[in-house]
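> sequence below, structure please.
(2 chains, ligands or ions: 2)
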Amino acid sequence: MTRAWEQIVKENRNVLLERWTSSVVAMLPGGMSHGSLVAAAIAEELGVLLDAVTDRSMQAAEPIMRITRILAVQDIPPSKSLSILFMLKGMIEELPVECDHPCRDRLEELTLQAFDSYMKHRETICQIKYDEGRRKMHMALRRAEA
Amino acid sequence: MSNKYALKPDELKKEFEQKKPRLLKGEFAGKDWWDLPVEFRDGNWCFPAKPEVLDELHFANPRKWAATDKDWQLPAGWEKTIRDGMKDRLKRFRSFKVFMDSCVRCGACADKCHFFLGTGDPKNMPVLRAELVRSVYRNDFTGLAKILKDFSGSRTLTQDVIKEWHMYFHQCTECRRCSVFCPMGIDTAEITMMVRELLNLIGVNNNWILAPVANCNRTGNHLGIEPHTFEQNIMSMVDDIEDLTGVRVNPTFNRKGAEILFITPSGDVFGDPGVYTMMGYLLLFHHIGLDYTISTYASEGGNFGMFTSNEMMKKINAKMYHEAKRLGVKWILGGECGHMWRVVHQYMNTMNGPADFLKEPVSPITGTKFTNAKATKMVHIAEFTADLIKHGKLKLDPKRNDHLRTTFHDSCNVARGMGMFEEPRYVLNKVCNVFHEMPENTIREQTFCCGSGSGLNAEEFMDTRMRGGFPRASAVAHVREKHKVDSLVTICAIDRASLPALMRYWNPGVTVYGLHELVGNALIMDGEKKRTEDLRENPMAGFEEDDDDE
Ligand code: SF4
Ligand code: SF4
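Ligands and ions are numbered 1, 2, ... in the order given. Presented below is the predicted three-dimensional model:
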């Protein structure tokens, strides 16, 4: 009998989380160690996100926001950063239990959320740059007017 | 919390083993660690100095170029210039020679750098950063290359080495956190200083550093502000202070015979939020009736010469004593700045002193002798204010900062560079009611850099700044979550310029303040009107317009 994928993910939470974390950390530049601050911060949030993947009553937006905030300033392309939920999909599918696979829908939905969030962070970076530049211009104008 | 920022010893050992030379994995297996490619991309390099800036400074190799260019148009014979420059500096600076020779590769520094913690890039481990030069040093200057095996390789000087130096010695903010943990006392910051000097000899540079240097050279301050504008800007703050408090303060400029010369970074005169800190100083000096003057020539405490070359640092610093002498003051009081204090505390006396025309500083209000400033004749404002408070000379109402829940960021240069930890905390605790420390291994001597120090505060460098500032931001996030902290107080002008961006990205809702801005909020001035707003014109909690029992 096929069972709900959410149930299977919950039963295999720790194994999945460990694999998922390893793969995400391995994707970071420089071969970052698991103990590094960035890796530890991502790992913490992946745990929260994994729970929200299966439990829709939990907020996925917060962990997604935090994870993409870290990824958005790493030296890795956006396509790679945003593949993290696809990685999870592969891992769920590899579990040695049969399940129907509507998990794809959920993970695609979350990937699109992650895309929005990633873009927002890049937008923030642009805005910060723009504002710093504008402040400099403002100072130059004050000098010119003086 | 205590080990959140440190790898466990076995992990560290593993990491160090994995990343040390000739143990690289994957496509780099069997290669040396320096064979890892150096790739300049948007966000990881600062714009080079404009040709006119170099012309003005008579610096080498003015040209238009970018770090992403394949050919950096290095001048003919650049290899000799670097070798000769290195030879010369090894002779002149004993520390450089000692640091080149004495690393025992213990790895204690490996995970201490905020750039390593925030990027995971092995070349950002301080030990490997230094190795980028040592490998050339060994090849060119010692007979050891053949004897030293395994970790210590040697290599020849090529344009790729220069590219790598440019990348990684501009991912070091000269913060010295690594040196705190080094059993040999190696200060990677000083190695970075040397390499940046060498790079300047062949025109490999950073506009965010050299444009302020050229401005300083011309008008005395980073922004190139001329005396009348400098004065006018401070006078506009005097107007703002009057509007807010009803009190008109009266700074003087270039006044001969004043007792004290006050020097602060120009960011306090022109930068936001630095100007509010300046307003705090002005209120404080008025409150105690200090006999002080401000020079429109020594109009900059900051000294980007420190990130350029020893000679440039000395030249830019010289105006402090020159102006003190010209104006005939007794001693100098210095504002809130980081690297300015590194220069003043560690180099000024030997570079441009002795200033025996000045007196050993004594507070005219409390009579306290600042014996620690006997050599330099320059006192840090946090110390000066702490002494005033200790002697009960300030009328303060800390409730006026009740709208702020604060934490304190130790600036690298003040904390590690001059060992000042307690004075700013003492002042902060007297002027506000809510203060929470960040985790112990992120403050005081172990403080994490803002990620933008040493002239790396350029907009185009934003991604790297955000990575480098991640450890500091994480520590702020910790107190934000635990204690609802919303105000990050600091005593450094670069922090005041860079931390707002860092907070906006990692911890939105956290605002950056200078210490003396909070002092200015709390000071009960003689003859003041009812204060309802802080210096930023934000409402103070519990001091609303119609609230009569202040
Ligand atoms: S001085 Fe600071 S930035 Fe430079 S290597 Fe050491 S810890 Fe890193
Ligand atoms: S801590 Fe000092 S001796 Fe040890 S590896 Fe780092 S620089 Fe070398």
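> show me where chain A has its strands.
Assigned by DSSP state E, chain A shows no strands.
> hey, where'd the helices end up in it?
With DSSP state H, the ranges of helices along chain A come out as A:5-11, A:13-27, A:37-54, A:61-71, A:78-81, A:84-94, A:103-145.
> is any residue of the second one near chain B?
It stands for helix A:13-27. No - Helix A:13-27 lies out of reach of chain B by CB under 8 Å from any CB of the partner chain, never closer than 9.0 Å. Heads up, the C-betas are built off the backbone N, CA and C, glycines and all.
> show me what that helix is packed up against.
The elements that helix A:13-27 packs onto, with contact taken as 3 or more CB pairs under 8 Å, 6 or more residues apart in numbering or on different chains; DSSP states H and E, are helix A:37-54, helix A:84-94.
> likewise the fifth one?
The helices and strands touching helix A:78-81, judged by 3+ CB pairs under 8 Å, 6+ apart, are helix A:103-145.
> give the other helices and strands that the helix it packs on contacts.
Using 3+ CB pairs under 8 Å, 6+ apart: helix A:103-145 touches helix A:5-11, helix A:37-54, helix A:61-71, helix A:78-81, helix A:84-94, helix B:227-245, helix B:462-468, helix B:493-506.
> pull out the buried positions in the first one.
Within helix A:5-11, the residues that qualify as buried by neighbour count (16 or more other CB atoms under 10 Å in any protein chain shown) are A:5-6, A:8-9.
> again, but for the second one
Using 16+ other CB under 10 Å as the test for burial, helix A:37-54 gives A:37-43, A:45-54.
> end to end, how far does stretch B:454-467 reach?
Using CA to CA, to the nearest Å, the end-to-end distance of stretch B:454-467 comes to 16 Å.
> and that stretch, does that touch ligand 1?
No - applying CB under 6 Å from any ligand atom, one finds stretch B:454-467 out of contact with ligand 1, separated by at least 8.0 Å.
> could you chop chain B up by domain?
B:31-205, B:212-522 (automatic domain parsing).
> ok, of those domains, where does mean pLDDT dip lowest?
Per-stretch mean pLDDT for the domains of chain B is lowest at domain B:31-205 (a mean of 89).
> mind checking how far that one is from the chain centre?
20 Å (CA atoms, centre = their mean, to the nearest Å).
> next one: stretch B:470-480
Chain-centre distance of stretch B:470-480: 19 Å, with CA atoms, centre = their mean.
> check whether it comes near ligand 1.
No - Stretch B:470-480 lies out of reach of ligand 1 by CB under 6 Å from any ligand atom, never closer than 10.2 Å.
> same check, this time on stretch B:96-111
No - Stretch B:96-111 is not in contact with ligand 1 by CB under 6 Å from any ligand atom; minimum separation 6.9 Å.
> so for that stretch, what gets flagged as buried?
B:96, B:98-101, B:103, B:107-111.
> any chance of these in a markdown table, plus secondary structure and distance to residue B:237?
Output for the buried residues of stretch B:96-111, formatted as a markdown table (DSSP: H, G, I helix; E, B strand; the rest coil; distance: CB to CB, whole Å):
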| residue | secondary structure | distance to residue B:237 |
| --- | --- | --- |
| B:96 | helix | 43 |
| B:98 | helix | 46 |
| B:99 | helix | 44 |
| B:100 | helix | 48 |
| B:101 | helix | 51 |
| B:103 | coil | 48 |
| B:107 | coil | 50 |
| B:108 | coil | 46 |
| B:109 | coil | 43 |
| B:110 | coil | 46 |
| B:111 | coil | 43 |
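> which stretch among the helices of chain A comes nearest ligand 1?
Ligand 1 lies closest, by CB to the nearest ligand atom, to one member of the helices of chain A: helix A:37-54, at 13.5 Å.
> what's the closest one packed up against?
Using 3+ CB pairs under 8 Å, 6+ apart, helix A:37-54 is in contact with helix A:5-11, helix A:13-27, helix A:61-71, helix A:103-145, helix B:114-119, helix B:470-483.
> filter the buried residues of stretch B:96-111 down to the ones close to ligand 2.
Answer for the buried residues of stretch B:96-111 near ligand 2 (CB under 6 Å from any ligand atom): B:103, B:107-109.
> ok, those vs chain A, which is closest?
residue B:107 (12.8 Å; CB to the nearest CB).
> mind listing the helices for the stretch 251-400 of chain B?
B:267-270, B:274-288, B:310-327, B:339-342, B:349-352, B:381-390 (DSSP state H, counting those that start in this stretch).
> tell me the SS of the residue of the stretch 301-450 of chain B found nearest ligand 1?
Going by CB to the nearest ligand atom, ligand 1 is nearest to residue B:449 of the stretch 301-450 of chain B, at 6.1 Å. Following DSSP: H, G, I helix; E, B strand; the rest coil, residue B:449 is assigned to coil.
> tally of neighbours for it?
Residues lying near residue B:449 (other CB atoms under 10 Å in any protein chain shown) number 30.
> sticking with the closest residue to it other than its chain neighbours, tell me its helix or strand.
Using CB to CB, 6 or more residues apart in numbering or on different chains and skipping residues adjacent in sequence, the residue nearest residue B:449 is residue B:175, 3.9 Å away. Using DSSP states H and E, residue B:175 maps to neither a helix nor a strand.
> ok, residue B:175 - contacts?
Going by CB atoms under 8 Å, 6 or more residues apart in numbering or on different chains, residue B:175 touches B:114, B:189, B:412-413, B:416, B:449, B:453-454.
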